[in-house]
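Chemist: have a look at this prediction, sequence included:
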Amino acid sequence: MWNDLINNKVFTSYYELATQVTTWHLYNEKVVFTNGCFDLLHMGHIDYLCKAADLGDRLIIGVNTDSSVSKLKGPTRPIIDEHTRLTKLAALAFVDAVILFDEETPLNLITTIKPNVLAKGGDYTEETIVGAREVLETKGSVHVIPFLDGHSSTSIINKIKGE
């Protein structure tokens, strides 16, 4: 049962996810989108994702593939493989859908699924969030969610390494 519940949240095609989003929109549900690497899932991620989920009725997370994480974070990352990262996020009760993206940015995914709300973490501004202009043009909203201080994958990795 739980395996099915988790697997039903994992989408493998932008088109399939867009079809699901259209259904949610037909029921007047507000769809929130966010994205990231989510390499070592920690309290900062949970706090951020809960706050993003509170912005609407449905939460979708775009997850960077292993190759895109390496390009962003360096050759020693990710620590956790994409399948595991995707499954852990899908297991969260307040997450409705997860999908991998391999492009440099999630712009193609955002323009395909057309979320009502775009949310990113506190190191961004509305002007630097990929897809913000496109979401705002469709009368959606963009939110920057402050970080929970003292929590990051890098700090966890450094602690493990004894740095």
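Modeler: Perfect, I can see it now.
Chemist: for stretch 23-42, buried residues please.
Modeler: Neighbour counts over stretch 23-42 (16 or more other C-beta atoms under 10 Å) mark 24, 31-42 as buried. Backbone N, C-alpha and C define where each C-beta goes, glycine included.
Chemist: cool, stretch 137-153 as well?
Modeler: Neighbour-count burial for stretch 137-153 [16+ other C-beta under 10 Å]: 140, 141, 142, 143, 144, 145, 148, 152, 153.
Chemist: for the nearest residue to residue 115 once chain neighbours are set aside, pull up the helix or strand it's in.
Modeler: Distances taken as C-beta to C-beta, 6 or more residues apart in numbering put residue 33 closest to residue 115, at 3.7 Å, once the chain neighbours are dropped. Residue 33 belongs to strand 31-36 when elements are defined using DSSP states H and E.
Chemist: save the buried residues of stretch 23-42 as a markdown table, and put in distance to residue 83 too.
Modeler: Listed next are the buried residues of stretch 23-42 as a markdown table, based on distance: C-beta to C-beta, whole Å:
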| residue | distance to residue 83 |
| --- | --- |
| 24 | 25 |
| 31 | 24 |
| 32 | 24 |
| 33 | 21 |
| 34 | 20 |
| 35 | 17 |
| 36 | 16 |
| 37 | 14 |
| 38 | 13 |
| 39 | 13 |
| 40 | 15 |
| 41 | 14 |
| 42 | 19 |
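Chemist: show me the two of those residues that sit farthest apart.
Modeler: 24 and 40 (30.0 Å; C-beta to C-beta).
Chemist: what does the longest helix along the chain rub up against?
Modeler: Taking DSSP state H as the criterion, the chain has its longest helix at helix 14-26. Residues from elsewhere that reach helix 14-26, judged by C-beta atoms under 8 Å, 6 or more residues apart in numbering: 11, 31, 57-58, 60, 97, 99, 108-109, 112-116.
Chemist: one more pass at 10 Å, please.
Modeler: 9, 11, 13, 29-31, 33, 56-58, 60, 62, 96-99, 101, 108-116 (C-beta atoms under 10 Å, 6 or more residues apart in numbering).
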